[in-house]
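Undergrad: Below is the sequence, then the predicted model.
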Amino acid sequence: MSYLESYRAEFDHEMAITRRFLERVPDSEGDWRPHAKSMSLKQLAGHVATLPGYITAVLTRDAADVADASWRPHGFEPTRAGWLAVFDKTVAEARHALQTAKDADLGRIWTLSAGPQKIFSLPRAMALRSFAMNHMIHHRAQLGVYLRLKDVPVPGTYGPSADEALGR
């Protein structure tokens with residue numbers, strides 16, 4: 001199995017889990033944040049919803065600049081319906097990029113910058129793993145904590161959650 005074949009299978013699995021988290025984000029709590037330094041619930045949900053777009057960026061561009069928002073999805077409503085719509089769109093785009101990508105290109109260097117400052121340059125395979133997939137999993141876990149703190153049942157991730165325990 002090639003790296004991309006393995007990554008595609010993991011992608012489908014992780015996107016299904018992530019969608020279940022976004023389906024539970026309450027619209028009424030969007031401005032809530034657990035700490036003054038934390039993102040609000042709507043900011044975090046919006047970030048999670050757009051992170052599949054990072055996979056597309058890694059596979060279709062040589063670099064991305066966080067100071068230039070044109071490569072990131074934007075213009076969606078900060079509501080459950082808006083987050084799900086942009087998530088579904090970015091997942092479809094990422095899946096297409098994954099289908100057309102070639103394993104031979106995964107060693108090519110991909111760079112993330114913030115204006116003139118380079119944040120990192122990594123082979124595409126590493127950028128897919130750390131910048132795209134692990135980044136999304138990290139923020140999805142954060143979203144799970146937010147849901148727990150707001151008494152919203154947390155979906156299972158790699159097995160049942162305390163809210164979906166077996167036999168209950």
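TA: Good, I have the coordinates.

Undergrad: Do a quick rundown of the helices in the chain.
TA: Per DSSP state H, the chain carries helices over the ranges 3-22, 41-50, 52-60, 80-100, 124-126, 135-149.

Undergrad: Pipe those into TSV and attach distance to residue 73, mean neighbour count and mean pLDDT per row.
TA: Quick note: C-beta positions are derived from backbone N, CA and C, even for glycine. Shown next, in TSV, are the helices of the chain (distance: least, CB to CB, whole Å; neighbours: other CB atoms under 10 Å; pLDDT from 0 to 100):
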stretch	distance to residue 73	mean neighbour count	mean pLDDT
helix 3-22	14	16	97
helix 41-50	4	23	96
helix 52-60	5	23	96
helix 80-100	5	17	97
helix 124-126	20	18	97
helix 135-149	13	17	97
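
Undergrad: Of all these, which one comes closest to residue 158?
TA: helix 3-22 (8.1 Å; CB to CB).

Undergrad: So residue 18 sits against residue 48, correct?
TA: Yes: using CB atoms under 8 Å, residue 18 makes contact with residue 48 at a distance of 6.5 Å.

Undergrad: Please enumerate the shared neighbours of the two.
TA: Residues touching both residue 18 and residue 48 (CB atoms under 8 Å, 6 or more residues apart in numbering): 87, 136, 140.

Undergrad: What about the nearest residue to residue 24 once chain neighbours are set aside, how many residues nearby?
TA: Leaving aside its chain neighbours, residue 24 sits nearest to residue 152 (5.3 Å; criterion: CB to CB, 6 or more residues apart in numbering). Neighbours of residue 152 under the rule other CB atoms under 10 Å: 18.

Undergrad: give me every residue that touches residue 152.
TA: The contact partners of residue 152, by CB under 8 Å, 6+ apart, come to 24, 25, 26.

Undergrad: Please identify which of the residues you listed is nearest to residue 61.
TA: Once CB to CB is applied, the member of those that ends up nearest residue 61 is residue 25, at 29.0 Å.

Undergrad: If I look at the closest one, what pLDDT would I see?
TA: On pLDDT, residue 25 comes in at 97.

Undergrad: contacting residues around it?
TA: So residue 25 contacts 41, 45, 80, 83, 143, 147, 152 (CB under 8 Å, 6+ apart).

Undergrad: Please repeat the previous calculation with a cut-off of 6 Å.
TA: Residues near residue 25 by CB atoms under 6 Å, 6 or more residues apart in numbering: 45, 80.

Undergrad: Need phi/psi at it.
TA: Torsion angles at residue 25 (phi, psi; degrees, to the nearest 10) stand at phi -70, psi 120.
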